[in-house]
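Peer 1: Provide a 3D model corresponding to the input given below.
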Amino acid sequence: MEILAEAVNTTVIAKGILLGFGGIGPAIAIGLMGASYMTAVSRNPESSKFLGQLFIFIGIAEVFGILAIAGFFIVQ
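Peer 2: Below you'll find the predicted structure:
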């Protein structure tokens with residue numbers, strides 16, 4: 001009786017986890033920042049010109065998503 005054992009390719013699993021968490025994290029961060037911005041502007045519409053400068057943090061959160069995509073190509 002011959003036993004066939006297939007090797008599990010852990011690289012595929014690692015890449016899937018990397019892209020999954022790497023995409024979910026920035027998406028949640030951008031959503032929370034956007035919701036906080038909309039709440040702040042709805043309470044005080046005149047502050048929108050000052051709060052608009054805080055969108056740089058959304059760009060920083062997006063960089064982490066881009067790094068996850070870059071890590072996809074680095075993992076071998």
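Peer 1: In the longest helix anywhere in the chain, which residues are buried?
Peer 2: The residue-count maximum for a helix in the chain (DSSP state H) belongs to helix 10-43. Judged by neighbour count (16 or more other Cβ atoms under 10 Å), helix 10-43 contains these buried residues: 15, 18, 22, 26, 29-30, 33, 37. Yep, even glycine has a C-beta here, placed from its N, CA and C like the rest.
Peer 1: counting contacts, what elements does that helix pack onto?
Peer 2: Applying 3 or more Cβ pairs under 8 Å, 6 or more residues apart in numbering; DSSP states H and E, we find helix 10-43 packed against helix 48-51, helix 56-74.
Peer 1: How far off centre is the first one?
Peer 2: Pointing back at helix 48-51 there. From the chain centre to the centre of helix 48-51 is a distance of 25 Å (Cα atoms, centre = their mean, to the nearest Å).
Peer 1: Rounded mean pLDDT for it, please.
Peer 2: Averaged across helix 48-51, the pLDDT comes to 82.
Peer 1: what's the least confident helix or strand in this structure, going by average pLDDT?
Peer 2: helix 48-51 (a mean of 82; mean pLDDT, DSSP states H and E).
Peer 1: low pLDDT regions in this structure?
Peer 2: Across the chain, the ranges flagged by pLDDT under 70 are 1-7.
Peer 1: what's the residue closest to the geometric middle of it?
Peer 2: In the chain, the residue lying closest to the centroid (Cα atoms, centre = their mean) is residue 26, at 2.6 Å.
Peer 1: Quick check: that one touching residue 62?
Peer 2: Yes - between residue 26 and residue 62 there is a contact at 5.8 Å, judged by Cβ atoms under 8 Å.
Peer 1: Since that was my last question, I'll sign off now.
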